[in-house]
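Participant: Structure here, sequence nowhere to be found:
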């Protein structure tokens, strides 16, 4: 299959690598062209413009936020102007529910097809092709993109025929991950202040009641304070929690924990945490308790 990939950050590069490994023909575009270097060595083709990446069967975007997606889709050289009729735009970016709904409507007006397919997994998981893919879209469009999902993920979950629902599910999952990070940080700070070894404590938790990847991954990062280089940068975590709250506001669902998390991320950023992994939120409780 001929596939275009737009956005070559850590996640986008991982997607492109997985697609190449699966034998697909991959054309890549990134605003900073140098980021394509390693992928070109592995067989990818560089697109000098967005429109040059749009000739394939499917185009995937993996971008940081709503503004980046809007610039790629709605620009003069963007997807709406360049993607042939009937072709599929798969958005794997974590974006707002409102933008996902607008993209679906505007692609349909242009005779194009839109599928939301945000993913769960950090960059190493993306590079290994083991992401969990959450999908929303018309059945025909989803089926056309199945080879993509099979290449980038270990499991695909089709949650709705509406793309926006996949984005809502993704945001809800990121809210839960952030909740785990914060609560783990608080628990570690509590026992550490009484002299309990942090590593031994996390090992006990993750080998008993909390034997799950999210606790193991973030427990290790919090204990070892490995917040650089960021696998998922703190400003992106802050963005996602604000998108959760926007969705909750529209649906009239009170989410007091999400409001607390917004303030925790804002605190981290106010203290210079822009370059840190979002798991650094889990270090705030130790700092506040005087044990960091």
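Facilitator: All right, it came through fine. Fair warning: this is a prediction, and the values are worked out from it, not measured in the lab.

Participant: what separates the residue most central in space within the chain from residue 255, distance-wise?
Facilitator: In the chain, the C-alpha nearest the mean C-alpha coordinate belongs to residue 94, at 5.1 Å (Cα atoms, centre = their mean). To residue 255, residue 94 is 17 Å away according to Cβ to Cβ, to the nearest Å. The C-beta positions use only the backbone N, C-alpha and C, and glycine is treated the same way.

Participant: Same check on residue 62?
Facilitator: From residue 62 to residue 255 the distance is 26 Å (Cβ to Cβ).

Participant: Kindly report the same for residue 270.
Facilitator: 22 Å.

Participant: Who has more neighbours out of the two?
Facilitator: The residue with more neighbours, out of residue 270 and residue 255, is residue 255; 18 against 8, by other Cβ atoms under 10 Å.

Participant: Next, give phi and psi for that one.
Facilitator: phi -140, psi 80 (degrees, to the nearest 10).

Participant: got it, and residue 162?
Facilitator: phi -110, psi 120.

Participant: again, but for residue 261
Facilitator: Torsion angles, degrees, to the nearest 10, at residue 261: phi -60, psi -40.

Participant: same deal with residue 59?
Facilitator: Dihedral angles for residue 59 - degrees, to the nearest 10 - are phi -120, psi 130.

Participant: start at 40 instead
Facilitator: All right, first residue 40 from here; so that's residue 98.

Participant: Who are the contact partners of the closest residue to it other than its chain neighbours?
Facilitator: In this structure, residue 98 finds its nearest non-sequential neighbour in residue 43, 4.1 Å apart by Cβ to Cβ, 6 or more residues apart in numbering. Neighbouring residues of residue 43 by Cβ atoms under 8 Å, 6 or more residues apart in numbering: 65-68, 86, 92-95, 97-99.

Participant: ok, now with 10 Å
Facilitator: 55, 64-68, 84, 86, 89-100, 118, 121-122, 126, 128-129 (Cβ atoms under 10 Å, 6 or more residues apart in numbering).

Participant: Mind checking what helix or strand follows whichever strand or helix holds it in sequence?
Facilitator: Assessed by DSSP states H and E, residue 43 sits inside strand 41-45. Remark: after strand 41-45, the chain's next helix or strand is helix 49-60, criterion DSSP H and E.

Participant: Could you identify the helix or strand that succeeds the strand ranked longest in the chain?
Facilitator: When the chain is parsed with DSSP state E, its longest strand is strand 192-199. On the C-terminal side of strand 192-199, the nearest following helix or strand under DSSP H and E is helix 202-232.

Participant: Rounded mean pLDDT for that next one, please.
Facilitator: Helix 202-232 shows a mean pLDDT of 98 in the predicted model.

Participant: and that helix, which residues are buried?
Facilitator: 202-210, 212-214, 216-221, 223-224, 226-228, 230-231 (16 or more other Cβ atoms under 10 Å).

Participant: which helices and strands does the next helix-or-strand element following that helix pack with?
Facilitator: On the C-terminal side of helix 202-232, the closest following helix or strand by DSSP H and E is helix 237-245. Helices and strands touching helix 237-245, by 3 or more Cβ pairs under 10 Å, 6 or more residues apart in numbering; DSSP states H and E, are helix 202-232, helix 252-263.

Participant: Now helix 237-245: buried residues?
Facilitator: 237, 240-241, 244-245.

Participant: quick one: that helix to helix 202-232, angle?
Facilitator: 130 degrees (axes from the mean of the first three to the mean of the last three Cα atoms, to 10 degrees).

Participant: List phi and psi for residue 102.
Facilitator: Torsion angles, degrees, to the nearest 10, at residue 102: phi -130, psi 170.

Participant: what's around it, how many residues?
Facilitator: 24.

Participant: ditto for residue 176
Facilitator: 28.

Participant: so who does it touch?
Facilitator: Here residue 176 is in contact with 127-130, 143, 152-156, 182-184, 197, 199-205 (Cβ under 10 Å, 6+ apart).
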